[in-house]
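Engineer: Next one to model:
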Amino acid sequence: MDAPGALHHIIVRGIEHRKIFRDDTDRDDFLNRLGGILCESQTLCFGWSLIPNHFHLLLRTGLTPISNVMRRLLTGYAVSFNLRHRRSGHLFQNRYKSILCQEDGYLLELVRYIHLNPLRAKMVSDVHELDRYRFCGHGVLMGTCRNDWQDTEYVLKRFGKRLGPSRKRYREFVQQGIEEGRRPELVGGGLVRSLGGWKAIKALRGIGARIKGDERILGDGDFVESILRAGNERLERRAFLQAMGYDFDRLVKRVAGLFEMPSTEVLREGKYTRTVEARSVLCFWANRELGINTVELARRLKIAQPTVTQSVARGEKLVAEKQFLMSADMK
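Structural biologist: Now for the predicted structure:
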């Protein structure tokens, strides 16, 4: 349920609802880590807010899967937090919650919802104080706070071409959202809402209609269906490849054949052009088709994990340009 360009609403909570940010030093440490990882992975951020016991992010997948971005962020911050506060054990509650979102109709609603969190949590008293609050993306959009990793242009252009008027309209949009209160419908299960809630779902089921829903997806019925269908197709394709005997070693042989080189050369360390291209195709197919994660690929190929991520992106372009197939039997 992730691919380059996918929009995700990420929610992370502290274990047992405990604080994960005790002071501004914690918050600054977190933001420094977040900014660095987003820039390195070319992940776009449209909205964010830090609350003492949880945080929200609105991210668009870049070269690196969101799971890798979040693993680096949460692991690094947890280690730093524990050392600083002389504690041990888990900091976060279970796995982070990631909701795949339909952009049209939901992007601005999510930006507003996320940026109003400090006000709802009574961390600021009104929207004027929110304008200057530096631990939320709203102030960055308003131009009163700054960072080099939040994409403000993409959001503000939705409100007009000129910066001043667009900021004014954006702020009016945010203020209008205060009266709406909490928005539980913005945390997944879009298909349920698009059909009028659970009562409507039950009524449809009563007449034999089959309905699909998923709390990890926010969007209308068609969007939810398309995401679920794509996910099922990927799983079926992966099962098909495994049934054909495809594993990492067989991929190495396939790539070696395509590039007319020994298998040992595909796995060889170095920056020879043909080796880099072959290894990129290998990484792309191993990651996207067989589901081998970038950490495991980095271990097998004896290269850094960010290098694997770059290789996957490079391999995707090469496969498209050269029209490579993993097997002559596949399309």
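
Engineer: The stretch 51-200 of the chain: strands as residue ranges?
Structural biologist: Along the stretch 51-200 of the chain, counting by DSSP state E, counting those that start in this stretch, strands occupy 54-60, 97-101.

Engineer: Spatially, what comes nearest to residue 248 if we skip its sequence neighbours?
Structural biologist: residue 286 (6.0 Å; C-beta to C-beta, 6 or more residues apart in numbering). Heads up, the C-betas are built off the backbone N, CA and C, glycines and all.

Engineer: In the stretch 51-200 of the chain, where is pLDDT below threshold?
Structural biologist: For the stretch 51-200 of the chain, applying pLDDT under 70 flags the ranges 181-200.

Engineer: on that earlier part again, show me the one of the strands of the stretch 51-200 of the chain that comes nearest residue 304.
Structural biologist: Residue 304 sits nearest to strand 54-60 of all those, at 22.3 Å, using C-beta to C-beta.

Engineer: Next, count neighbours for residue 88.
Structural biologist: For residue 88, the number of neighbouring residues by other C-beta atoms under 10 Å comes to 8.

Engineer: I'd guessed it sits against residue 78; true?
Structural biologist: No: between residue 88 and residue 78 there is no contact under C-beta atoms under 8 Å: 10.3 Å.

Engineer: Contact partners for the residue nearest in space to the middle of the chain?
Structural biologist: The centroid of the chain falls nearest to residue 66 when counting by C-alpha atoms, centre = their mean (3.6 Å). Going by C-beta atoms under 8 Å, 6 or more residues apart in numbering, residue 66 touches 2, 6, 8, 10, 43, 59, 98.

Engineer: By pLDDT, give me the weakest of those.
Structural biologist: On pLDDT alone, residue 2 ranks lowest of those, at 61.

Engineer: quick one on the thing from earlier: what touches both of residue 88 and residue 78?
Structural biologist: By C-beta under 8 Å, 6+ apart, no residue touches both residue 88 and residue 78.

Engineer: Can you tell me the number of residues neighbouring residue 125?
Structural biologist: Neighbours of residue 125 (other C-beta under 10 Å): 9.

Engineer: How is this protein divided into domains?
Structural biologist: The record's domain parsing of the chain by automatic domain parsing lists 7-178, 190-238, 245-322.

Engineer: if we can go back for a sec, tabulate the strands of the stretch 51-200 of the chain (JSON lines), appending mean neighbour count and distance to residue 301.
Structural biologist: Formatted as JSON lines, those follow (neighbours: other C-beta atoms under 10 Å; distance: least, C-beta to C-beta, whole Å):
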{"stretch": "strand 54-60", "mean neighbour count": "23", "distance to residue 301": "27"}
{"stretch": "strand 97-101", "mean neighbour count": "22", "distance to residue 301": "27"}
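
Engineer: Out of those, flag the one nearest residue 290.
Structural biologist: Short answer: strand 97-101, nearest of the strands of the stretch 51-200 of the chain by C-beta to C-beta, at 21.9 Å.
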